[in-house]
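*Asks:* Need the 3D shape of this:
(2 chains)
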Amino acid sequence: MNWLLSITVQCEVNCALLRRVLFLVFLFAQANNISAETLIYELHIKDHLFYPSVLTIPASKKIKLLIFNDDLTPEEFESYELNREKVIMGKSKGVIFLGPLKAGKYPFFGEFNPETAQGNIEVK
Amino acid sequence: MLVTVIIFLREAIEAALLFSVLLALCQRFDVERRWLFPTISTGVAGACIGALLMERITNSFDGTGQEIMNATFLFFMATCAIIICLWLSNFLRRDKPELNDRLSTHISWVFILILCLAIMHEGLELSIYCYSYMLGHDNNLAFFIGGILGLGIGISFGAIVYYILVNLSRSTLMKIAIFLLVLVAAGMSSQASLYLIQSGWLPFTKTLWDSSNIISEQSLLGQLLYAMIGYEATPDGLQVVFYFSTIAISLLSIFLYARRHRI
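*Replies:* Numbering: from 1, shown residues only, chains lettered A, B, ... in the order given. Take a look at the predicted model:
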């Protein structure tokens, strides 16, 4: 991604708009750049329950959360505290990016089966 | 059953608000409404097709296809809402403008597009929920009652808003509609930015505030505010930026458009 930055910095064209656009592209690329700093965690849904129901993750780190739905029925991963919602079809998986988060407890639930499908993400 | 009611109500209320405002505008500003039922059916059909293809959609773009699709829908809807505001601003200066410019003759297409997308966006989750329920439960009666109750409450809410709006004077209706549509557009674009953050396309900045103790997003009031002004109890910094830039862009374009079309 460094070439993008160098274009942005060395841009001889004195056009503020172009530079801003390039900077945005750089930001996009940076956000998309899943480097070694992104930690990968897994969550499984089985019989409308989350496994593990308490997931501990480190604070101030970007997390890639893989959610595997082992049930036949679709489920929606939802969390108001994390501002996340995603439908995960049966026998399928979904990816969600989280953080960097502050330490604390972030509850989540399965919207289609909220009585049973509940869990917490603990950020430490 | 309560879960079903809540899920249906939540999705219905968002679409119902948009429908009631736009249909009231059609009624009071003489826009044809023959397209209404074809649009609803297309939206429902689109939602069902989308639900069938959901797994493929989710797996595209490295597993972030769902977020990209939702964000695209929301950005399109926000654009449509702003275009409708521009068209409405025609009435800001004159009571009976000569509406023969291209925007006015084709405005019903914008109405069709935004409503069709709204139904697809809300209906997609509902149809997957229906499918999920049917697959996992035997007691379908409770589900049907719950669904009808949820939809019914949502539609009644829309009907009340509609009848309040159509009985207002044209200038009041226009001002309220512009106000609501700008906020709805801002809410949609902030929601779209959230999907892009979730997919990792945009960086997460930081949570700006937490007002969940005052108005919880899960409460009825929270849901209503979410549908109306895009209320978020724990918004991300970037979301707030998107929210206010959308408001700024809409107001600026309304101003520029009105200036260009001054007599």
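
*Asks:* where does chain A have its least confident helix or strand?
*Replies:* None of the helices or strands of chain A scores lower by mean pLDDT, DSSP states H and E than helix A:2-10, at a mean of 52.

*Asks:* ok, B:Thr4 to B:Phe143 distance?
*Replies:* For B:Thr4, the distance to B:Phe143 equals 6 Å [CB to CB, to the nearest Å]. All C-beta spots, glycine's among them, are computed from the backbone N, C-alpha and C.

*Asks:* any idea of the pLDDT on the residue in the stretch 1-150 of chain B positioned nearest to chain A?
*Replies:* The nearest approach of the stretch 1-150 of chain B to chain A comes at B:Gly63, 3.7 Å away (CB to the nearest CB). Note on B:Gly63: pLDDT of 90.

*Asks:* To what extent is it buried, counted in neighbours?
*Replies:* Residues lying near B:Gly63 (other CB atoms under 10 Å in any protein chain shown) number 19.

*Asks:* How about it: what's its closest non-neighbour residue?
*Replies:* A:Val95 (3.7 Å; CB to CB, 6 or more residues apart in numbering or on different chains).

*Asks:* near chain B, which residues of chain A?
*Replies:* Counting by CB under 8 Å from any CB of the partner chain, chain A comes close to chain B at A:27-28, A:30-32, A:34, A:48, A:62, A:64, A:71-76, A:80-81, A:83-84, A:86-90, A:92-100, A:102, A:111-115.

*Asks:* Make sure the residue of the stretch 1-150 of chain B closest to chain A is actually in contact with A:Ile96.
*Replies:* No. Using CB atoms under 8 Å, B:Gly63 is not in contact with A:Ile96; the gap is 9.0 Å.

*Asks:* Remind me which helix or strand B:Leu238 belongs to.
*Replies:* Counting by DSSP states H and E, the element that carries B:Leu238 is helix B:237-260.

*Asks:* So which elements touch that helix?
*Replies:* On a contact count with 3 or more CB pairs under 8 Å, 6 or more residues apart in numbering or on different chains; DSSP states H and E, helix B:237-260 meets helix B:65-93, helix B:170-198.

*Asks:* Dump those to a markdown table, plus distance to B:Tyr231 and mean neighbour count.
*Replies:* As requested, the helices and strands packed on helix B:237-260 are exported to a markdown table (distance: least, CB to CB, whole Å; neighbours: other CB atoms under 10 Å in any protein chain shown):
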| stretch | distance to B:Tyr231 | mean neighbour count |
| --- | --- | --- |
| helix B:65-93 | 15 | 21 |
| helix B:170-198 | 8 | 22 |
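
*Asks:* do you know which of these lies nearest B:Gly136?
*Replies:* Proximity to B:Gly136 (CB to CB) singles out helix B:65-93 among these, at 21.0 Å.

*Asks:* now the angle between helix B:237-260 and the closest one, please.
*Replies:* 30 degrees (axes from the mean of the first three to the mean of the last three CA atoms, to 10 degrees).
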